[in-house]
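Undergrad: what follows is a predicted protein model with its sequence.
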Amino acid sequence: MRVARFYAPGDLRLEDADEPRPARDEVKIRVRQCSTCGTDVKIFNHGHHHLVPPRVIGHEIAGEIVHVGDEVSGWSIGDRVQVIAAVPCGTCPDCTGGRMTICPNQTSVGYHYDGGFAEFLVVPRQVLAVDGLNRIPDGVTFAEASVAEPLACVYNGQELAGVGEGDDVVVVGAGPIGCLHVRLARARGARRVFLVELNRDRLDMAAAVVQPDAAVCGSDVDAVDEVRKLTDGRGADVVITAAASGQAQEEALQMVARSGRISFFGGLPKDRPTITLDSNLVHYRELTIVGANGSSPAHNKKALQLIGSGQVPVHDLITHRLRLDDLHEAIRLVASGQAIKVTIEP
């Protein structure tokens, strides 16, 4: 079979490999779609401290079961499935307390286990142990199902930030995650959703698809002033920073209304992880700042339901569909911002 195996930063090789052999307590799937994301770009350029090469990467995975181990129940050959990426241990105090996203023992598909940029994938026993293999609803394509993983992360972030009925929401960052935030905020009953982005071309591409109530280009206008104008000086109820930008996080405090909520959704570069935060704004305006780290198996199930019900459409976010041999081009497209979502069919 063909695989994309990471060896070192800049060294991602398309190779022939033997098909993986599942154990008795594992499942094997034929990968039908594996979507790319900014994390794949980061791995390609810099590697990852959890990834020991050589490793098949790719973690937004959908496919169909071709083998079920003798000790596995509840699954059949031919079942269409989506695989979680972040794998909690399921037994630590955080997991048993319902906080699987912050499991200190978390492992990941595409990092600790071979991922989805391959024709076949063994679903590790650790995934099955936490109910991390999910049925794809009828009517949902494999490509759409592969977007469930990032949508699950977005769902977690909006749950933590309490996005709900009547909110004015600002999403900073017009990449695929930002687009999903716009769509989900609407599904959760937001009154208005504003999209903020520095890159004009990226903003125009995203806005044409997700149609926010206003699209604000931060390189053309003062985004803070623009948000205040849009909200009659009050500020937004929720600001979500879906960008790896310290400036965006600092400006979020200037955009948010009194008693508002801020989601630091996008992590910052490891060499620049700090910001200047006016804590008096938090204190006197009674602001809430929350983080958001990945998703749980339950979030993945909810994401598939949202896609299947049509509440959060994702088919039109997939702007490029490529084959595995074109993976380097897919990574280039993601890195350049010329695509919203790129899916790979092995």
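TA: Yep, that arrived. Keep in mind that what you see is a predicted model, and the values were worked out from it rather than measured.

Undergrad: pull out the buried residues from the lowest-mean-pLDDT helix or strand in the chain.
TA: Lowest by mean pLDDT, DSSP states H and E among the helices and strands of the chain is helix 38-46, with a mean of 94. Of the residues in helix 38-46, those scored as buried under the neighbour-count criterion (16 or more other CB atoms under 10 Å) are 38-41, 43-44. All C-beta spots, glycine's among them, are computed from the backbone N, C-alpha and C.

Undergrad: counting by contacts, list what it packs against.
TA: In terms of contact count using 3 or more CB pairs under 8 Å, 6 or more residues apart in numbering; DSSP states H and E, helix 38-46 is assigned the packing partners helix 327-336.

Undergrad: how far off helix 38-46 does the helix it packs on point, in degrees?
TA: Taking axes from the mean of the first three to the mean of the last three CA atoms, to 10 degrees, one finds helix 327-336 and helix 38-46 inclined to each other by 110 degrees.

Undergrad: begin at 395 from here
TA: Renumbered: residue one is now 395, and that last one reads helix 721-730.

Undergrad: return the list of strands paired to the following helix or strand past helix 721-730, each annotated with direction.
TA: Using DSSP states H and E, the helix or strand that directly follows helix 721-730 along the chain is strand 735-739. Strand 735-739 has the following strand partners under DSSP bridges: strand 421-429 (antiparallel), strand 712-717 (parallel).

Undergrad: quick one, which of those strands is packed in tightest?
TA: For the strands paired with strand 735-739, the stretch with the most neighbours on average is strand 421-429, a mean of 24; neighbours defined as mean count of other CB atoms under 10 Å.

Undergrad: so where do the strands sit in the stretch 495-644 of the chain?
TA: Along the stretch 495-644 of the chain, the stretches classed as strands by DSSP state E, counting those that start in this stretch are 501-502, 514-517, 527-529, 562-566, 586-591, 608-611, 630-635.

Undergrad: in TSV: those strands, plus mean neighbour count, mean pLDDT and distance to residue 710.
TA: Written out in TSV, the entries for the strands of the stretch 495-644 of the chain read as follows (neighbours: other CB atoms under 10 Å; pLDDT from 0 to 100; distance: least, CB to CB, whole Å):
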stretch	mean neighbour count	mean pLDDT	distance to residue 710
strand 501-502	17	97	28
strand 514-517	25	98	27
strand 527-529	20	98	22
strand 562-566	30	98	17
strand 586-591	26	98	15
strand 608-611	20	98	17
strand 630-635	29	98	21
